[in-house]
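Trainee: build me a model from this:
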Amino acid sequence: MSELENPPRTYSGAFLAMLAIAVLAALGALVWTYTLSSRLAHQEAAMAEANQQSAKMQADLRETNARLRVATDELGKSLGLTQKEMNTRAQQIITRENANAKRLEAAQQQTAQQVNQVASDVTNVKTDVGGVRTDLGKTQTQVATALSQLQSMKGDMGQQSGLIARNQGELELLKHRGDRSYYEFHLQKGRKTPVGTVSLELRKADPKHSRFTLDVFADDRRYEKKNRNEDEPLQFYSGKDPALYEIVVNAINSKHEVSGYLSTPKNAPAPAGTP
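Mentor: Got it, this is the predicted structure:
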């Protein structure tokens, strides 16, 4: 009868599942609490070590400052200076060094500007040189063209003359060639005039017909050039080793005056006083 009155208890599956979850949660909480405690202990140990190191560094710093003050005091005493005077000296040194640094920077900037200016000037000079070369090339071309237009003819002695200058510009071109020497002259009628190493005397001039007569005095001789034409080469030989000289009258200014030039070989004797 008693077994029928008290039947055995049974537990549902849901209750068992809830019980298992609760046990697992409790275990997890225990594990998390242990882990957190371990980390906290580690952090506390690290913080304690850091505090010890900080305290040691502060102690070392205080010791260093104390030694520095002692060294400073000893230095000041050896120099006869107070701390205030030493601070003033130090500030003066710093100020002077800063001023020197600024002056050095300014000098470097000025030097850089000068270098840039020199570079610019060099560029300008190169440009100018290029322009001069171009102008020189043009001038040489013009001279060559002008020389090609000069005339060459036979002289009054039948010798082939060199190029004849009919005006001052053409005479300058001949001088520029440098293969002969040239002496300009202006002759007055009846006046014997030294020209180079010879002398010339105008005896007659006819502007209307472009004709003239003159005498040439060379090597103690007189050569008469009678009724000659303007721009005609008048030839004669002169010198110890006779060389061909030429006279060209390229302007009959009046009945009393003519102008022209004497042409001599480059190696012919030069008049006294000529460099």
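
Trainee: okay, CA-based contacts and neighbour counts for the rest of this
Mentor: Will do.

Trainee: Three-state assignment for Pro269, please.
Mentor: Per DSSP: H, G, I helix; E, B strand; the rest coil, the secondary structure class of Pro269 is coil.

Trainee: cool, Ser181 as well?
Mentor: Reduced to three states with three-state DSSP, the structure at Ser181 is strand.

Trainee: roughly how far does it sit from Ala218?
Mentor: Ser181 sits 17 Å away from Ala218, going by C-alpha to C-alpha, to the nearest Å.

Trainee: who does Arg180 bridge with?
Mentor: Under DSSP bridges, the beta-bridge partners of Arg180 are Pro265.

Trainee: just the pLDDT for it.
Mentor: The model reports Arg180 with a pLDDT of 92.

Trainee: now what about the lengthiest strand in the chain, what contacts it?
Mentor: Criterion DSSP state E: the longest strand present in the chain is strand 243-254. Outside strand 243-254, the residues that touch it by C-alpha atoms under 8 Å, 6 or more residues apart in numbering are 164-167, 205-207, 210-212, 230-238, 258-265, 268.

Trainee: residues contacting Met157?
Mentor: For Met157, the residues meeting the contact criterion (C-alpha under 8 Å, 6+ apart) are Leu234, Gln235, Phe236.

Trainee: pLDDT and neighbour count added to those, as a markdown table?
Mentor: Listed next are the contacts of Met157 as a markdown table, based on pLDDT from 0 to 100; neighbours: other C-alpha atoms under 10 Å:
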| residue | pLDDT | neighbour count |
| --- | --- | --- |
| Leu234 | 95 | 22 |
| Gln235 | 94 | 23 |
| Phe236 | 94 | 18 |
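
Trainee: counting only strands, which of those make the cut?
Mentor: When the contacts of Met157 are checked against strands using DSSP E, the ones located there are Leu234, Gln235, Phe236.

Trainee: export stretch 20-27 as PDB, just CAs?
Mentor: As requested, the backbone C-alpha atoms of stretch 20-27 are provided in PDB (Å, rounded to 0.1, in the frame of the first residue of the first chain):
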ATOM      1  CA  ALA A  20      22.800  22.000 -17.600                       C
ATOM      2  CA  ILE A  21      22.800  25.600 -19.000                       C
ATOM      3  CA  ALA A  22      22.900  27.000 -15.500                       C
ATOM      4  CA  VAL A  23      25.800  24.800 -14.600                       C
ATOM      5  CA  LEU A  24      27.700  25.800 -17.800                       C
ATOM      6  CA  ALA A  25      27.000  29.500 -17.100                       C
ATOM      7  CA  ALA A  26      28.300  29.200 -13.600                       C
ATOM      8  CA  LEU A  27      31.500  27.500 -14.800                       C
END
